[in-house]
Each structure stands twice: as structure tokens, then as C-alpha cells.
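# The following block contains a protein sequence and its predicted model.
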Amino acid sequence: MSYAEPQMNAVGLITEYNPFHNGHRHHLQESLKVSGAGVAVAVMSGHFLQRGMPAMLDKWVRTQMALAGGVDVVFELPVVWACNSAPHFAAGAVAVLEACGGVESLCFGSESGELASLQNCAALLNTSAGRIAQETGQALRTGISYPVARAAAMEDVPGAAELLATPNNILGISYLQALAATGSSLRPLTIRRIGAGYHDCVPHGEIASATGIRHLHSRGEDLSPFIPRAVQPYLQAALQTGKVLDSTRLFPLLMSRLSDEPDSLADVYQVEDGIADRLCQQARSAHHLAELIDSIKVRHLTVSRLQRILAYILLNLTTQEVEAQLAGGPPYLRLLGATARGERFLAATRKKRTLPLLANLSRSGAQLKKFYGAESPDYQRGLALLRLEARATRLYTLLLAQWSGKDRNQDYYEAVCRMGDAGRGGS
């Protein structure tokens, strides 16, 4: 290693980058600082996100933006974990970071910014899960919403209700639970979220939330004040070529699935308790997605969970295939992009990896077979997950403002994004 070579220890980041903005740059820079790491490894959701909605930009554009913004390696969080509740989202992302090898810490943003209080809350949720679930269920039967019911079940823990009232804290607590449940060696770190809140549509100085940026984009406003300068060309290129989500296309696609009989949804993941009947009934008169969601809301289902259920219906994700994946954990590492520094990190940590690294998916079958063996259930599960990802991408291309006319099996021909080492300072 040369004198100028950065240390090959890495900090892990769990991300969506929808899209990458100044707040993400702050999180990246602070994560490197507090961890003392020389490399930033991001696990990023693909085309369908944790709250059930499709991403504003495809996963390759978002990878380019992340690398230009200073991230060194981007792995994809597979769709069955990326588009799921916070515990599953966290478990999948932590498993990817663990399997990568060479990642020593996980740094996440939180509204709290205090690791000890988040750890205390996570420990209680792990040790008192049965009691909390029972009391939450009892509170739900009184007619209150799920978030209020869970907060009531934890009222004996000072500050727990406040911690569980904000989205980044909730995810952070889920990461800590996942680390504890697996006995992970990853060192948890947190930094306080600054500027606009997760749901804020109004920017705070040069920091706007991803929600706010998407809102500004929908109104045709300039996004450049809130996007790092090095990242802006990739965003502009995507906007100019129509490689951006057209949200008006989502509702008609969903209607094509909901126009059938409710029995056709019986095998779809999390479609239960009469949801199929209610969905198909309300779909007959709904004029747009928000109206549909509002018409089927019940106290024990959050909007995010309803959005995820609609995503499962759109993707035709069955209970059997999703639960098989969740039970086994991610069967491979899907590399979306790396800087030159990231490439050196991957080479230096090759022998520490515990899952096969997939870059060129045209060779993925052979790689999985070599790693697991032809008779292994994990080999078959890996192939099945790749088919799920390809299905998600094909459907996502139908939601873009414009399509290039290429093969929609984009996962099999899109190259891994390679980039020189990006600067991490300035704008």
C-alpha cells in the first residue's frame, strides 16, 4: 500500500438516496469523521423503497449520484428487504454490510443523535417484544392507530414514545435491534439529522429532505441549491432524458391488477384480513392513488404499510417467495458501483467476504452455482431473487417518463458504475 493510499477500513451506510442531496453529503462526511474510516460503503434500496413507493430515479442513476457525492461502494439491498417494514429493512441491510467484509462500523442519521437512548429503546424492544405486542394489540382494539398503540405499550420507558415518533429514530432503533439479534461486530454510530425533517416539504437553508426535493421537482422548481455540485450533472441528465419517475403512471398499473377478482390476490405477500376484498371494491370508484389509500385505511394499517402492500400487488410478490428469502437472508452481494478507492477496498477485502459478489449478472448463475453448489437450496434461492429483481426493474421501466426502447431486462445489461475517487469536501 502506498503512503497516499487511504486506510481500507470502512463505515457502512444504509440508504435510499431518493435522490442524493446535501443532507446525505453531510451524513457521509460526518460518518467518515466519527468512524475514522477511509472508505464509505452504502447499501442502497433498488427501485421500490421502504415506504412502498417507486424511486424517483432508477438505481443506476442514484448510484452515479452517490459515487459522485463521495460514496466508494454501492451495494443493492434486494427488493424483499428494501420494500418492507423497518425490522426486515434493517435486518437485510445489516446482513449485507456484515457479508461484505472490512466494514467495521454502521453510522446512521437520527433525530435524537444520542446513541445510548436509542440503544436502550432497542434493548427493550428485543427483551419485551411479547409484552409490547400484546399490549399494542389490546390498545388497537380500543380504536387508536398502530403508532399510538405501540407508544402506549412503551409508556413506562422514559422517552421511548418520543423516540418512536420520528422515522429516522425508528430505523436507527431497528438497525440496533438487528445488530444485537445477530451478534454483529459492526460498531453502531449515529449523527443528528440536521435541517429539514424527513417529511418536510419546505427546505431549511441548503438542506431539503428527499420528500421536499421530490415535491419541488413535481412543481418544476430548481433543485440545484439542495444537490451537491458534483452530483448535479447526473441528476440533470436523468431529468433531461426522461429517466425519472412519472408518478401518474403508477395508479393505472395498479388498477390493472385490482380489476380482477379478490381471489387473484390471495397469494400476495401481506394481503390478508379482507384487504383484497376492500381493495378491489374501492378500486372500482377511486380516481387516484391517494384516494384509494385513504378509502382502505384502518387503524392497524399505516399508510406506509398500505403502500407496501400495493407494491407487492404490483410486483406480484407471493408470500411463499418473500418468506423464503427473508428466512435465508440475502444470498449474494449485488454491486451497483464503485470508485477507484472502492475497487481497491473490494480487492483488499475479497477473502473476508462471506457471500458471492455479483457484478455482471450474465455470469451470476455460474457464480452462485460455484459458491453454493448445484444442489444447494441457497443456489436456487439466489436465482429466484435475481428473477424477482429483474421483474421489479421491468415494472419500474413502465413508470418512467420516457423509455429508451432498450430491453427492459436492464439488470442483465446495465454495467456496474465505475468512477474515479470523488472529492468529499466543498459543494
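Looks like it came in fine. Every value quoted in this text rests on a predicted model; they were computed, and no experiment measured them. Numbers count the residues shown, from 1 in each chain.

# And the strands in the stretch 201-350 of the chain?
Under the criterion DSSP state E, counting those that start in this stretch, the stretch 201-350 of the chain contains strands at 333-339.

# Okay, now the unreliable bits of it?
Where the stretch 201-350 of the chain drops to pLDDT under 70, the residues are 201-205, 299.

# Let me see the ranges of the helices in it.
Listed in chain order, the helices of the stretch 201-350 of the chain (DSSP state H, counting those that start in this stretch) span 210-218, 232-240, 250-258, 275-283, 289-296, 303-315, 319-328, 340-348.

# is it possible to export these to TSV including mean neighbour count and distance to Glu414?
(C-beta placed from N, C-alpha, C; glycine too.) Shown next, in TSV, are the helices of the stretch 201-350 of the chain (neighbours: other C-beta atoms under 10 Å; distance: least, C-beta to C-beta, whole Å):
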stretch	mean neighbour count	distance to Glu414
helix 210-218	18	23
helix 232-240	17	14
helix 250-258	16	22
helix 275-283	17	33
helix 289-296	16	28
helix 303-315	21	19
helix 319-328	15	22
helix 340-348	19	18
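
# looking at the ones you listed, which is closest to Tyr412?
Across the helices of the stretch 201-350 of the chain, Tyr412 has its closest neighbour in helix 303-315 (17.9 Å, C-beta to C-beta).

# what's next to the closest one, contact-wise?
For helix 303-315, contacts defined as C-beta atoms under 8 Å, 6 or more residues apart in numbering pick out 48, 50-54, 79, 83-85, 250, 253-254, 257-258, 265, 268-271, 275, 279, 289, 292-293, 296-297, 317, 322, 388, 391-392, 395.

# now do 6 Å
Residues outside helix 303-315 that contact it (C-beta atoms under 6 Å, 6 or more residues apart in numbering): 48, 51-53, 83, 254, 257, 268-270, 293, 392.

# Output the helices of the stretch 201-350 of the chain as JSON lines; include the columns distance to Gln119.
Below are those laid out as JSON lines (distance: least, C-beta to C-beta, whole Å):
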{"stretch": "helix 210-218", "distance to Gln119": "26"}
{"stretch": "helix 232-240", "distance to Gln119": "36"}
{"stretch": "helix 250-258", "distance to Gln119": "38"}
{"stretch": "helix 275-283", "distance to Gln119": "35"}
{"stretch": "helix 289-296", "distance to Gln119": "34"}
{"stretch": "helix 303-315", "distance to Gln119": "24"}
{"stretch": "helix 319-328", "distance to Gln119": "25"}
{"stretch": "helix 340-348", "distance to Gln119": "28"}
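
# For the helix or strand hosting Leu32, buried residues please.
Leu32 belongs to helix 22-35 when assigned by DSSP states H and E. Neighbour-count burial for helix 22-35, counted by 16 or more other C-beta atoms under 10 Å, picks out 22-32, 35.

# elements contacting that helix?
On a contact count with 3 or more C-beta pairs under 6 Å, 6 or more residues apart in numbering; DSSP states H and E, helix 22-35 meets strand 103-110, strand 187-192.

# and Tyr413, how many neighbours does it have?
When neighbours are counted by other C-beta atoms under 10 Å, Tyr413 registers 11.

# Nearest residue to it in space, ignoring adjacent ones along the chain?
Excluding its sequence neighbours, the residue lying closest to Tyr413 (C-beta to C-beta, 6 or more residues apart in numbering) is Asp407, at 6.4 Å.

# three-state assignment of that neighbour?
With DSSP: H, G, I helix; E, B strand; the rest coil as the basis, the three-state label of Asp407 is coil.

# And the pLDDT for it?
Reported pLDDT at Asp407 in the predicted model: 90.

# rewinding a little: which of the helices and strands packed on helix 22-35 has the highest mean neighbour count?
Most buried of those by mean neighbour count (mean count of other C-beta atoms under 10 Å) is strand 103-110; its value is a mean of 24.

# quick one: that strand to helix 22-35, angle?
130 degrees (axes from the mean of the first three to the mean of the last three C-alpha atoms, to 10 degrees).

# okay, strand 103-110 in PDB with CA atoms only?
C-alpha atoms of strand 103-110 as PDB (Å, rounded to 0.1, in the frame of the first residue of the first chain):
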ATOM      1  CA  VAL A 103     -16.900  -2.800   7.200                       C
ATOM      2  CA  GLU A 104     -16.200  -2.000  10.800                       C
ATOM      3  CA  SER A 105     -19.000   0.400  11.800                       C
ATOM      4  CA  LEU A 106     -22.500   1.400  10.800                       C
ATOM      5  CA  CYS A 107     -23.300   5.100  11.100                       C
ATOM      6  CA  PHE A 108     -26.900   6.200  10.700                       C
ATOM      7  CA  GLY A 109     -28.700   9.500  11.000                       C
ATOM      8  CA  SER A 110     -31.300  10.000  13.700                       C
END
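
# now for that strand, which elements pack on it?
Counting contacts by 3+ C-beta pairs under 6 Å, 6+ apart, strand 103-110 is packed against strand 10-15, helix 22-35, helix 167-182, strand 187-192.

# in the longest one, what counts as buried?
By that I understand helix 167-182. 167-180.

# Return the list of helices and strands in contact with that helix.
helix 86-100, strand 103-110, helix 115-127, strand 187-192.

# starting at the chain centroid, how far to that helix?
14 Å (C-alpha atoms, centre = their mean, to the nearest Å).

# same thing with the second one?
Distance of helix 22-35 from the chain centroid (C-alpha atoms, centre = their mean) equals 18 Å.

# relative orientation of it and helix 210-218 in degrees?
Angle of helix 22-35 versus helix 210-218, following the same axes, to 10 degrees, is 150 degrees.

# List the beta-bridge partners for the most centrally placed residue in the chain.
Nearest residue to the geometric centre of the chain (C-alpha atoms, centre = their mean): Ser45, 3.5 Å. As for beta bridges, Ser45 partners with Leu77 under DSSP bridges.

# Look up how far Ile14 lies from it.
Going from Ser45 to Ile14 by C-beta to C-beta, to the nearest Å gives 9 Å.

# Isn't the residue nearest to the centre of the chain up against Leu77?
Yes: Ser45 lies in contact with Leu77 (C-beta atoms under 6 Å); the separation is 5.1 Å.

# got a list of what the spatially closest residue to Leu115 that is not a sequence neighbour touches?
Counting by C-beta to C-beta, 6+ apart, Leu115 lies nearest to Thr190, which is 5.0 Å off, once chain neighbours are set aside. Each residue near Thr190 by C-beta under 6 Å, 6+ apart is listed here: 108, 110, 115, 172.
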